[in-house]
Structure formats: C-alpha cells, structure tokens
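Chemist: Based on what follows, work out the 3D shape:
(4 chains)
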Number of protein chains: 2
Amino acid sequence: MDLRTLNYFVAVAEELHFGRAATRLHLTQPPLSRAIKQLETELGCLLLRRSPAGVALTPAGTTLYDEAKTLLARADQVRARVAAAAGADTVTVGTLAELADARLVTVFRDRHPGVNVRIREADLTDPTVGLRAGLVDVALTRAPFDDTGIVTRVLRTDPIGVVLRTDDPLAGCDCLGFDDLADRRCVQLPEGTDPVWRAFWNGPADGSRHRDGPVVRTVHECVQSVLWNGAVGLTPMIDTLPEGLISVPLNDMPPSRLVVAWAGGNPSPLVRSFVQIAAGLYRTG
Amino acid sequence: MDLRTLNYFVAVAEELHFGRAATRLHLTQPPLSRAIKQLETELGCLLLRRSPAGVALTPAGTTLYDEAKTLLARADQVRARVAAAAGADTVTVGTLAELADARLVTVFRDRHPGVNVRIREADLTDPTVGLRAGLVDVALTRAPFDDTGIVTRVLRTDPIGVVLRTDDPLAGCDCLGFDDLADRRCVQLPEGTDPVWRAFWNGPADGSRHRDGPVVRTVHECVQSVLWNGAVGLTPMIDTLPEGLISVPLNDMPPSRLVVAWAGGNPSPLVRSFVQIAAGLYRTG
DNA sequence: TTCTCCCGATACCGTGCGGGTATCGTCGCC
DNA sequence: GGCGACGATACCCGCACGGTATCGGGAGAA
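Modeler: Below is the predicted model:
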C-alpha cells in the first residue's frame, strides 16, 4: 500500500474508468489494472466492481477513496513542513541562453516550494555559466569543456550543423564535411575562453586551411555574423533559426552533449534533486 | 517519499545508527544508506548529520521524524478501516496435518486483523483437504494429485524417502532404489482416494513384484504400520520421525512438491493474499 | 443472429530499482 | 601506527513496474 498506488486508486475511483484514469496518470491501462488488482490482493478485499456497464466502488472502495485522499494530502503536508524546517534555501542555476528550459525550473519549484531559485544566463564565452567562478550551484550547459573539478551528467546528445544563409551555395546540400568549408570564414570565440570549448566550437577554423572569421560572444552575435558577413557558424541541429538562415548537418564533428554540471565534491541535496529532475525530464523527450 | 522509505528513516532516526537500524528492518546497511540519501535528495535537504562521533538529526530530520511517525500511523488506520468496511470475512484454510504452519497463519492474521481464519486439517485420504468438496477456500498440501479445476503454486520441492525401522537391514544404506524394496510390504492408501495421489504414494507397491501392505489413512497410522508390521512407507525427507524409525532417500521417485492450491476461476482477494504471503514465506527458507 | 466496437484482462518484454556481497575511507582508540 | 568500527561506494542480480500487442466478453446496430 504505497502512496503511488493509492494515487492510482484515487484516479480510478474518480474517473470510474481505467482508460481515462490511466491517461490522467500518464501511463497506460494494463499497468494500472494490475496495480489496482495488487492493491485489492494486499488489502484482502474487492475495491471495485467491474461490470460491462462500467466500474463501481464497493463499500471498501468508497472507504479507501476517502481515506486515501486525506492520507495523500497529509503526505504533501509532510513534504512542505520538512522543507519549512530546513529553511528556505537558495539555488542558483546557470544556463546557456539557448538552453533556458522553463519546464525544468517549473518542476523543480513545484517539488521544492520553499526554495528560492535564481537563474543566471550567460553567453558563449563561459561554458560553465559561472560554475567555476562559484557564481552558480548547478549549470545546464553543453559539453565538451574543461571539466576538471566539475561533474557532468549527459542529458542528450545533439549532432552539430553548419549555419548558412539560405542563399549560400552550400545551403542545398543534405550534409557537409570540413572540406566543404575550406576557405570559408568561420565565426570564432574570443581568446581566453575555455580552451576545450573553444577548440570544439571553432571546429574547422582550427584546421590549417581555414581563414579566421569574426569573433563572437553570444549566439545572437554568431547568427548576425552569418547573416551580415557570409561567415559560417556551428550550432547544435536542434536550434530554431531566424528567417534567412538554414542549418545543414556537419559530418566530421562529434555531437555536442547537453549536460547538467555541478562542482565536484559533496553536492547539496538540492543540487542532487535538480540533477535528478533534469535527468528524468530528458530521459524520454 | 513512499511509506517504506519513511519507515526506514524512522528506524534510523530512532537508532541513530545505520547498522542497528538495518538489522531492525531486516536488511543490510548499504541499501539503507542509499535509501536515506535518496530521500534527502528528493526532499532537497539534509536529514541526518553524519559525523565520526555518530549520527544526529538535523532540524529537518527532526520534523520529518515526527511527521513520518504520524503518517505511518495514519496509513495503518487506513488499512484497518478499509478492512472494517469490507466486513469481517472468513477464510477456511485446509492443510495436511504434517504441514500445519503456524508462521503462515500468523502473518496472514497479522495483515488482515478483521478476518476470521478457520483451519481444517485432514488425513492422507484427501490431498485437496476439502478444496474439491468446497469445504475450504485454499489448501496447503502436496502435489501431485488430480488438479483438474484446481490451481496450484509450488512453494518447495522435497525428495522422497523410505521410512524404516532402525533395526531394518536396509536402515544403514545411504540411499535406496525401487529394487531394494522388492518383496517388501508397502503401506497403501485406501481405494477411492485421488488416483494420481494414490499412484504416487503407493509408489513401489504399484510395481509388479511388490506385495501390498497395510492400508493406512493418516501419517500416524503409516508410521505405526512401519513400526508394528515391518512394512515400509514413503515420506518427504523433511519429516521428523519418532524414535526407532529412520528415513532413507529413495532414488527412483520424483520429488514431492509442497504447494498452495485453490479452486480455479476467480479467487477472492483474500485467497490471493494468502497465496502471495505463502509464496513470500517459502521463497527463501 | 451476427458483426463490430469498447474496455478491462492477460501475455510478454525490457529497463530500473531495491535488495544483496565485497571492499574502501576515515576517524577514534589502544 | 596498527586496528576496529562504521558509513560510503562498487558491483551484481532478481523482481517489479513500466511498455506494446493481443485476448475476451458484453452491448448495440444492421
């Protein structure tokens, strides 16, 4: 009789329909049927009367419905009171501008109502978004970068594409290689940024035959450079691009990894919770 | 934050010692440490302060300890109230005399306090202990027997042995075969008992060369026949035998299976619960 | 009567979690 | 400084809980 199963039962008791209840619970009907049956076995009595006409509550089911609702409410109270006793903590989350994910922060705030969440957005010049400087507790960013003293957990991998003007001769290709970019000016990250990060994103420009392009500090700047200078830039393939630009897959690059990162050592429970939620959210979609 | 984990935390909070708490919970220390850590992650705050001196509760931990205790108590109430609403049911359990298992009935009564448990013991002449006649809801017995219309679940398998007087010439053997019992009188089950059951336990006596022995109806009778008549009888090897008798393994017999049995079709939740508890108890030892 | 649709039950599969054992790291203590 | 105690970690395994595919039975319509 765990709380999860009780929640299942409450849903079925309210919908009086296994399929609808399953939808409400974000699962499919068979596991729900099984869970309810197991609950009946554990409690030793029928809770629902299944008939072709529909599903109805037995007396025991009615009782359990009332009791379960109050018990679940109590459980929520417990969560809130413990959070209150722990004191309102603050977590500072750093994220690259392109990655701002309202969903994640929403879920986190929902689970930790008393906690203050500060968001810090950064540009392309600091892949740790302030993590190394101690400005944030946890960062949502992209690997690879210099991660000495930093722990990362991969959430997703994205192939890299080349951003081109739609009127670029290469814009029609299905996919490109480094050779196709020979003698093209590639946007550059400024000197002094994380070397691993810079080496990765400068990509073809670090090869011998390529000419350095304009130095950019933000995604916006990068895009503008492509538009105005006819340079080429690299982005993960998932980005939504403004009108007039197109992204073509680039074969010769390893994919970029969307990661959640935190300082090594003992992360606080709040940071662990953040990582756990992020991993859960990105596990399937 | 399921109820099981809360129970773990209460144990640790009371013992202030992971090892002792684990013992109390009938598990080992590592899973307990992990579960508590996961609970801390989920709640987003430290619950325990681990120091070389020992384990201490943080403010959040103290709060959770109080709240968890009342929540667990409420959960027990829910169980009781649902059982009450279902009405005091009655379950009749049939068991062969040799298999009477106080442990199983104790656990069952403990989980279903309002339920009336009737025990029916039988002799060797009815392997279903009244299940086929509808006298019991669930039976703890031995396979094989005629199980048409009956569902069984194996709990354990026991090799078969021959019961002999200790002064029998064969008593010193490590193990025996059917040939060793040629021309010995073997105890018999009365005619009219379940044919599959009878064929199994009459064992060697059904072979051509063996002479029929005395007809017995109970384990006690069987033992007495061996003692007084010098006949041989078959029993599972686990039985404790009275003074003057010994059990020698019999090679040529398939093992007997200790099973829980119930009428086919839709077993009631109470029967399902009984089966589940039995399976759990016999899973390891 | 029979066909079809709806809906809960069942079968089967893959993954993740919660158990386990073995071992480590670290801090007091003799 | 070696040792013992104790919590943390690493790793393995079985089961439970998700999923998809399919069954079965009853109701309503043709």
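
Chemist: what's the spacing between the closest residue to residue A:151 other than its chain neighbours and DNA strand C?
Modeler: Distances taken as Cβ to Cβ, 6 or more residues apart in numbering or on different chains put residue A:264 closest to residue A:151, at 5.1 Å, once the chain neighbours are dropped. The C-beta positions use only the backbone N, C-alpha and C, and glycine is treated the same way. With the distance defined as Cβ to the nearest atom of the strand, to the nearest Å, residue A:264 ends up 14 Å from DNA strand C.

Chemist: need the strands for chain A, in chain order.
Modeler: A:48-51, A:54-57, A:90-96, A:116-122, A:138-143, A:150-158, A:160-165, A:185-188, A:211-215, A:233-236, A:245-249, A:256-263 (DSSP state E).

Chemist: list the helices and strands the fifth one packs on?
Modeler: Right, strand A:138-143. strand A:90-96, strand A:256-263, helix A:269-283 (3 or more Cβ pairs under 8 Å, 6 or more residues apart in numbering or on different chains; DSSP states H and E).

Chemist: Compare these and report which one is nearest to residue B:43.
Modeler: Closest approach to residue B:43 among these (Cβ to Cβ): helix A:269-283, 7.0 Å.

Chemist: And the average pLDDT for that closest one is what?
Modeler: The average pLDDT for helix A:269-283 rounds to 86.

Chemist: how about that helix against DNA strand D, any contact?
Modeler: No - counting by Cβ under 7 Å from any atom of the strand, DNA strand D is not contacted by helix A:269-283; separation bottoms out at 10.8 Å.

Chemist: quick one: the closest residue to residue A:262 other than its chain neighbours and residue A:106, what's the gap?
Modeler: Leaving aside its sequence neighbours, residue A:262 sits nearest to residue A:138 (Cβ to Cβ, 6+ apart; 4.6 Å). For residue A:138, the distance to residue A:106 (Cβ to Cβ, to the nearest Å) stands at 16 Å.

Chemist: Mind checking which of those two has more residues around it?
Modeler: Counted by other Cβ atoms under 10 Å in any protein chain shown, residue A:138 and residue A:106 do not tie: residue A:138 has more neighbours, with 25 against 11.

Chemist: Next up, the contacts around residue A:127.
Modeler: Residues near residue A:127 by Cβ atoms under 8 Å, 6 or more residues apart in numbering or on different chains: A:96, A:141-142, A:145, A:193-194, A:197.

Chemist: sorry, that was for residue A:155
Modeler: For residue A:155, the contact set (Cβ under 8 Å, 6+ apart) comprises A:257-260, A:278-279, A:282.

Chemist: Now restrict these to buried residues only.
Modeler: For the contacts of residue A:155, a burial check counting by 16 or more other Cβ atoms under 10 Å in any protein chain shown picks out A:257-260, A:278, A:282.

Chemist: Counting neighbours, which bits of stretch A:251-264 end up buried?
Modeler: Quick answer for stretch A:251-264 (16+ other Cβ under 10 Å): A:253, A:256-263.

Chemist: And for that stretch, what's in contact with it?
Modeler: Here stretch A:251-264 makes contact (Cβ under 8 Å, 6+ apart) with A:99, A:128, A:131, A:134, A:137-144, A:147, A:149-160, A:175-178, A:200, A:203-204, A:234, A:236, A:271, A:274-275, A:278-279, A:282.

Chemist: Pull the distance from that stretch to the chain's centre.
Modeler: 13 Å (Cα atoms, centre = their mean, to the nearest Å).

Chemist: cool, and stretch A:127-144?
Modeler: 15 Å.

Chemist: If you count neighbours, what's buried in it?
Modeler: A:127-132, A:135-144.

Chemist: With stretch A:18-28 instead?
Modeler: Buried residues in stretch A:18-28, defined by neighbour count with 16+ other Cβ under 10 Å: A:18, A:21-22, A:25.

Chemist: touching DNA strand C at all, that stretch?
Modeler: Yes - residues of stretch A:18-28 contacting DNA strand C under Cβ under 7 Å from any atom of the strand: A:18-19.

Chemist: what is the mean pLDDT for that stretch?
Modeler: Averaged across stretch A:18-28, pLDDT comes to 90.

Chemist: For that stretch, which outside residues touch it?
Modeler: Outside of stretch A:18-28, the residues within contact range by Cβ under 8 Å, 6+ apart are A:7-8, A:11-12, A:14-15, A:29, A:31-33, A:36, A:55.

Chemist: Pick out whichever of these sits closest to residue B:61.
Modeler: Once Cβ to Cβ is applied, the member of these that ends up nearest residue B:61 is residue A:7, at 25.5 Å.

Chemist: per-residue confidence for the residue in the stretch 101-250 of chain A that chain B sits nearest to?
Modeler: Closest contact between the stretch 101-250 of chain A and chain B, by Cβ to the nearest Cβ, is at residue A:112 (4.7 Å). We have a pLDDT of 88 for residue A:112.

Chemist: In helices, which of the buried residues of stretch A:18-28 fall?
Modeler: Taking DSSP state H as the definition of helices, the buried residues of stretch A:18-28 contribute A:18, A:21-22.

Chemist: just the residues you listed now: which is nearest DNA strand D?
Modeler: Each of those was scored against DNA strand D by Cβ to the nearest atom of the strand, and residue A:22 proved nearest at 7.2 Å.

Chemist: Would you quantify the distance from that closest one to residue A:55?
Modeler: 12 Å.

Chemist: circling back to that earlier point, I figured the residue of the stretch 101-250 of chain A closest to chain B hits residue A:272, correct?
Modeler: No - Residue A:112 is not in contact with residue A:272 according to Cβ atoms under 8 Å; the separation is 11.8 Å.

Chemist: Just want to know which of those two has more residues nearby.
Modeler: Ranked by neighbour count (other Cβ under 10 Å), residue A:112 and residue A:272 place residue A:112 first, with 26 against 19.

Chemist: List the buried residues of the top helix by length along chain A.
Modeler: Of all segments of type helix in chain A, defined using DSSP H, the longest is helix A:59-86. By 16+ other Cβ under 10 Å, the buried positions in helix A:59-86 come out as A:60-61, A:63-65, A:67-69, A:71, A:75, A:78-79, A:82-83, A:85-86.

Chemist: which residues sit in contact with residue A:118?
Modeler: Residue A:118 makes contact with A:90-93 under the criterion Cβ under 8 Å, 6+ apart.

Chemist: Just give me the neighbour total for the residue of the stretch 51-200 of chain A found nearest DNA strand C.
Modeler: Nearest residue of the stretch 51-200 of chain A to DNA strand C: residue A:55, at 5.2 Å (Cβ to the nearest atom of the strand). By the criterion of other Cβ under 10 Å, residue A:55 has 17 neighbours.

Chemist: same deal with residue A:89?
Modeler: Neighbours of residue A:89 under the rule other Cβ under 10 Å: 17.

Chemist: Need the per-residue pLDDT for the residue lying closest to it once chain neighbours are set aside.
Modeler: Closest residue in space to residue A:89, ignoring its immediate chain neighbours: residue A:115 at 5.3 Å, by Cβ to Cβ, 6+ apart. For residue A:115, the pLDDT comes out at 87.

Chemist: correct me, but residue A:115 touches residue B:44?
Modeler: Yes - under the criterion of Cβ under 8 Å, residue A:115 makes contact with residue B:44 at 6.5 Å.

Chemist: joint contacts of those two?
Modeler: With Cβ under 8 Å, 6+ apart as the test, residue A:115 and residue B:44 both reach A:83, A:89, A:270.

Chemist: give me the residue from the stretch 151-285 of chain A nearest DNA strand C.
Modeler: Among the residues of the stretch 151-285 of chain A, residue A:283 lies closest to DNA strand C, at 6.7 Å counting by Cβ to the nearest atom of the strand.
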